[in-house]
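Asker: Sequence and predicted model, in that order:
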Amino acid sequence: MKEKLFNYTKLNLDEVFAKFYETMLSSPDMAIFFDSDDQIQKLVNKQKKFLLESIMLDDEDIRARYIQLGEMHHGLKIPYADFSVGIEFLEQGIIQAVVKNEKSPCELIDHTFHFFRLIKAYTAKGYLNLLLESDIKDIDIYLSNVRSSTNLDSVLSTERIIWLKNIIFAIKIENRAAAPSLKTPPEIIDIIKAETKSDKELTHYALDMISRIELTARNIFFFIDKKSYGEVLPLYKELMSIYKLTLMLVNVMTVVTAEAELSGLKKDSLTQLLTRHTMPHLMKRELAISTASNYSIAFVMLDIDHFKDINDQHGHLAGDKVLKEIAEIASSFIRSTDYAFRFGGEEILLVLKGASLDVAHAQAEIIRQKIESKSFDKGDTSFNVTASFGVVQFQPPYTSDINKMIDAVDRKLYIAKESGRNIVIK
């Protein structure tokens, strides 16, 4: 059968490949993978030779060859779906040639189907191999940084991530027995129910995702047992997508817990901002989570310009009103997951999670303009104030302690004051 398939393929290969590339190049999405006619011709010649050589190999050699091909295509960032479409086109062309020329084609068609089924399965296995390696590496980085996170994070995120790593390892070695239990431990379910008890819809959503994860994992091992890697690959991608949703859910529950914690922290009696003394505890936690989740943190320090003159000219009650209303402006233009501290007499520190330097600068500029346009009433008169801003961004892994980070944003604020005030400096 191998020789017959080889001969029919060799005889019709030029025509099959000509139609194949005509179809591929007619699609803008496919054409982006090819730079020139010369490159296409070299690729065609290489692919013809590769396919003909593969026909004469035994199944194990085909396995090794196409796993390597899948890994190479993954490295070139060619989607598996595109590769699969191309292989199916070639398969169809060769089967048509067999039907057209063979008097009793059934057995040879079965052999052809078998050959192309192996090609698709083992190429998918190659893609899967590199996905597994990449995900294990990412998980190791996550786990190495998450240890100092909150109790909720460590119980939910870390436990579930370790479970996922063990599942990936079992998929990699193709051994269902090496996988941990696919059932979520009851204590995890209890924690989720407790953390979402005020929102029944959120509870249902969380438990539904857990069910989807368990079902998808079972299906993956079902198809691994059958060596059907073409089915395993999309299921694995689905598993990872659902897992990202679960981590987002953990973040939601962490925010809820954090908000409850914030409500119990001491706040400045005048501005209702967090006090400076609460900062070390909160920032230790935030830097740990930021490192584990690999997002940046921006600091914005603002200082009310000539605040002493406001007190001297309009009185301390007017000064208190200015400080209170500016604090309200500043805190109204940040997210509920960010932090606002009364840092000094007339200084306010904003901590923006996940913000780039440009985003933090733009946010500070909005606040600056709102302050500048605000009119403060005192009896029959009114007056305006301005504020200066310093902005810095920090990215994990953090090489400075919190005091050095504050010094860095304070230096930017100093430059803003020296530059004429009422300005944002980054």
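Answerer: Yes, it's here.

Asker: Low-confidence bits of the stretch 201-350 of the chain, can you list those?
Answerer: Across the stretch 201-350 of the chain, the ranges flagged by pLDDT under 70 are 245-266, 292-293.

Asker: Show me the helices in it, by range?
Answerer: For the stretch 201-350 of the chain, applying DSSP state H, counting those that start in this stretch gives helices covering 229-263, 279-293, 307-314, 316-332.

Asker: So for D410, which of those helices sits nearest?
Answerer: helix 279-293 (13.6 Å; Cβ to Cβ). All C-beta atoms are positioned from the backbone trio N, CA, C, and that covers glycine.

Asker: Roughly how far does I136 sit from M240?
Answerer: Distance check for I136 against M240: by Cβ to Cβ, to the nearest Å, it reads 12 Å.

Asker: What ranges does the stretch 301-426 of the chain have for its strands?
Answerer: 339-342, 347-353, 375-378, 381-384, 387-394, 424-425 (DSSP state E, counting those that start in this stretch).

Asker: Deepest-packed of those strands, please.
Answerer: Highest mean neighbour count among these (mean count of other Cβ atoms under 10 Å): strand 387-394, with a mean of 24.

Asker: In its sheet, which strands sit next to that one, and in what direction?
Answerer: Under the criterion DSSP bridges, strand 387-394 sits next to strand 297-304 (antiparallel), strand 424-425 (parallel) in its sheet.

Asker: Just the terminal-to-terminal distance for stretch 417-426.
Answerer: Stretch 417-426 stretches 13 Å from its first residue to its last (Cα to Cα, to the nearest Å).

Asker: Off-centre distance for it?
Answerer: Here stretch 417-426 is found 36 Å from its chain centre; the criterion is Cα atoms, centre = their mean, to the nearest Å.

Asker: what comes into contact with it?
Answerer: 303, 305-306, 357, 360-361, 364-365, 368, 372, 386-392, 412-413, 415-416 (Cβ atoms under 8 Å, 6 or more residues apart in numbering).

Asker: Dump the strands of the stretch 301-426 of the chain to a markdown table, plus distance to Y127.
Answerer: As requested, the strands of the stretch 301-426 of the chain are exported to a markdown table (distance: least, Cβ to Cβ, whole Å):
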| stretch | distance to Y127 |
| --- | --- |
| strand 339-342 | 43 |
| strand 347-353 | 35 |
| strand 375-378 | 63 |
| strand 381-384 | 62 |
| strand 387-394 | 36 |
| strand 424-425 | 47 |
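
Asker: follow-up on the earlier one: just the buried residues out of the contacts of stretch 417-426, in PyMOL syntax.
Answerer: The PyMOL selection below is limited to those of the contacts of stretch 417-426 classed as buried (16 or more other Cβ atoms under 10 Å):
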select buried, resi 303+305+360+361+364+368+387+388+389+390+391+392+412+413+416
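
Asker: Let me see the domain layout of the chain.
Answerer: What automatic domain parsing lists as the domains of the chain is 2-130, 151-260, 275-425.
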